[in-house]
Each structure stands twice: as structure tokens, then as C-alpha cells.
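Undergrad: Return a 3D structure for these sequence lines:
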Amino acid sequence: DFIKYSGLSTHRQTRARGLFNRYWSPYFRNIQIHKIDTKMYQEFLEWRINYWENVDLKELQAAGDKVYHIKKIPTETTLKSEKQLFKQFLYWCDTKRLIKVVPSLRINFKALLGDKFTDKRQKSKALTRSQERRIQNKLRQYALTDGQKDKNKMRAYGRARLYYFINWARHTLILPSTELTGLKWFDVEIMPSKLEENRKIALLNVRESKTGEPRYAVMPYGQMHFVSDWHKISKANGFGKPNDYVFPAWESGETRVQSHILGRLLRDKLKLWGEHLEDETSKVITLYSLARHTGITRRIEGGWQVGQVATAAGSSVKQISMFYYQEFVKQNPDRWANTFKDGKVKIDDERQRKINEAISKMEVDMGEEIRNARNRATHGLDE
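TA: Alright, predicted model coming up:
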């Protein structure tokens, strides 16, 4: 009832349902709601922290559990967000007079996690441009070239859907989740550019954003063909009507595809092609890292400012600054190199000449050694 009737956004409903099925129901199944207090919730958290260390992932998958990418030890941020939703449930219970008091649930997460504590969100790096290009070429071959030869119409459609879903997410920075699967064709508005003559833009109304507040995204000039080409394919398969989802299930245009299906298909294909691990970190490539993380990084490398990136990605300036600060430094290191008070570099020509000579000599002396050491450090081969 809470999930259905408490006014949660579609994104929050999905998250609440997942938490309920995975953690809350198994642990609190036989406990009356009014007996849940801070002490009991802390005991639940101790069980929750060790959950993924005590289950066999392969057994879950064999039983039909759709779990593919998990973090064995949750971060403080994850636990706090889960607690917030649980407390929202308790407040709802209070309004329905199912409980008389809402417990505070004040938890010292650092003490609770102990040695397992980490307050840093570990994110993978963006794909290298060469790997991104390799994967894009393989996806195009799989979806379009080979897809046209596939006599199974449903399978051919599924191939193309994966390719266009990834490219819509990558170029618009719409999350490859309910944000994009919830998009309908009437949410896509084509309009002429106000700045570039004879160019058109697609303005996308993302009604199911992760914040719960609708937002707009834009398909760039150079990628508008992904809109028209996908609509043409959709129409050829009986979809593409205004009320149809942009990325529907095969059964009906008014039934959205589930993003985990696309994520699993991508994972299987990348593994088949030997491209499932990042070149630089050897971490598993996911739908998110390919379509979202790499897309954001490319915007930063292209010179976008933090506010522009945050707006396009439907995120906050704080979040973008926190998780992509290295990319901003690499994009414009001069911004950090200039420490003069008025911003004007005050180094006379003679001093600059001596600095340049000394640096050039250092580069020649170290040359290949420093490049090799940098490569080893990048790939985690140094001590």
C-alpha cells in the first residue's frame, strides 16, 4: 500500500519495491511494525551490511533473481538513502495510525561499519576513446548490419533497440533507466535551432526523472539521426505512435522495455566480443558506464562548465563536482596552474627561458622511463 498510494515517483517506487523484496521483507517479515525501533533497525543494518557476503550470487541468478552488478560492502551514502526511504515508510504508517511513534533511527554509520567503512563512492573511469570507438563499431555491426540479415523480426528489432537506447542515453545524458524507458514519442519535440541556420533540435521532456521533477534534455545537432532513424525502425515494426514508449517491449508500444533486459544483453555481447572490461581499470563495463558516465566525461572534455553538465545530466553541481573533479582538472589544467592574484602570469622572459630549458632536459633524461612508470601506475602494476 505504501508503494502504491504514498505518492512516490515511479523511480522511487521501483527503488522501494527492490529494497522491500531484497532486504526489508526477509528481515522484518514476522515483526509487528510498532515494535521496530532504533535498536532493531541497527541490528537490521548489521545484517544488511553483510548480506552480499553471505549469499551465493550464482544460486540467486540460477533461481531467476535478476542480480548482476552488486557492491558487497555498501557505502554510507547507500545506507543513508535506504534509511531515508524506510523512515518515509514509517511516517506513512504514522499517518495511517498503524504506529503511534516514529523512531528516530539515529545511526552512527562510521562506528557501525567499522573497518568496512568507506565514505567514498568508487566510480569507474570513462572508457578510453579507442575502446569507446571499438564498442560503438561492434554495436553498429551487431544491431544494424547483422540485424538486417536476421530473419527473426523480433530479434532484429531487439538488436536495433539496444543500439539506439545506448546512443540516446549517451548523447542526451538521460539516465539509461526509468528516465529513458519512460519516454514517450509525444515527449519528443522537434524544433528549429535559434542559433544555427537549417539545423534542428530534439527537446525531450523527461517526465520520470530520478528527482521526481520533470526535466528537459536535448539531442545534439550531430546526433539527430538517432531520433529519425529509430522512429523509422519503430514505425516499420508497428510502434512509433505518439502515445507509444520510445523504447517499448515487443508485446506492445504502450509497454515499456525494462532497462535490466538491455543491460543484460549488452553485458553478454561485450563478453562475447572480449570488450567487457575497461582498458585502464579492468572493471566490468555496464550500461551505465558506457552510456552515462562516458557521456558526461566527454562533455567535460569538450569544455562544458560544471553547471551546464549538471543541468544536462539532471544532477546537482555538487554531485558532478564531487565525482568528476579529476575530469575537470584534466580538461583545463591551466585554470589550476595560474595562482597569481590578478590572474596575470608574472614571470619574466629570462626566468621562463631557464624554466623551459630545465624542464626540457628533465623530459629528455627521463623520457621512456617516466612513460613506462606512468603506464604501470595507471594499470595498477606498481607496488
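
Undergrad: All the helices of the stretch 51-200 of the chain, in order from the start?
TA: Counting by DSSP state H, counting those that start in this stretch, one finds helices in the stretch 51-200 of the chain at the ranges 57-62, 76-95, 109-113, 129-140, 146-149, 153-172, 178-181.

Undergrad: nearest to Pro333, of these?
TA: helix 129-140 (18.7 Å; CB to CB). In this view, the C-beta of every residue, glycine as well, is placed from N, C-alpha and C.

Undergrad: Would you format the helices of the stretch 51-200 of the chain as JSON lines with mean neighbour count included?
TA: Formatted as JSON lines, the helices of the stretch 51-200 of the chain follow (neighbours: other CB atoms under 10 Å):
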{"stretch": "helix 57-62", "mean neighbour count": "11"}
{"stretch": "helix 76-95", "mean neighbour count": "15"}
{"stretch": "helix 109-113", "mean neighbour count": "14"}
{"stretch": "helix 129-140", "mean neighbour count": "15"}
{"stretch": "helix 146-149", "mean neighbour count": "12"}
{"stretch": "helix 153-172", "mean neighbour count": "21"}
{"stretch": "helix 178-181", "mean neighbour count": "24"}
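
Undergrad: Tell me which of those approaches Lys241 most closely.
TA: Per CB to CB, nearest to Lys241 of those: helix 153-172, 15.6 Å.

Undergrad: Summarise which helices and strands the closest one is packed against.
TA: If contacts are counted by 3 or more CB pairs under 8 Å, 6 or more residues apart in numbering; DSSP states H and E, helix 153-172 sits against helix 129-140, helix 146-149, helix 178-181, strand 215-219, helix 225-236, helix 259-273, helix 294-301.

Undergrad: Tabulate these (TSV), appending mean pLDDT and distance to Leu105.
TA: Formatted as TSV, the helices and strands packed on helix 153-172 follow (pLDDT from 0 to 100; distance: least, CB to CB, whole Å):
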stretch	mean pLDDT	distance to Leu105
helix 129-140	94	43
helix 146-149	88	51
helix 178-181	92	27
strand 215-219	92	31
helix 225-236	95	45
helix 259-273	92	30
helix 294-301	90	33
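
Undergrad: Take these and write them to JSON lines, including distance to Tyr163.
TA: Output for these, formatted as JSON lines (distance: least, CB to CB, whole Å):
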{"stretch": "helix 129-140", "distance to Tyr163": "5"}
{"stretch": "helix 146-149", "distance to Tyr163": "8"}
{"stretch": "helix 178-181", "distance to Tyr163": "14"}
{"stretch": "strand 215-219", "distance to Tyr163": "15"}
{"stretch": "helix 225-236", "distance to Tyr163": "9"}
{"stretch": "helix 259-273", "distance to Tyr163": "10"}
{"stretch": "helix 294-301", "distance to Tyr163": "15"}
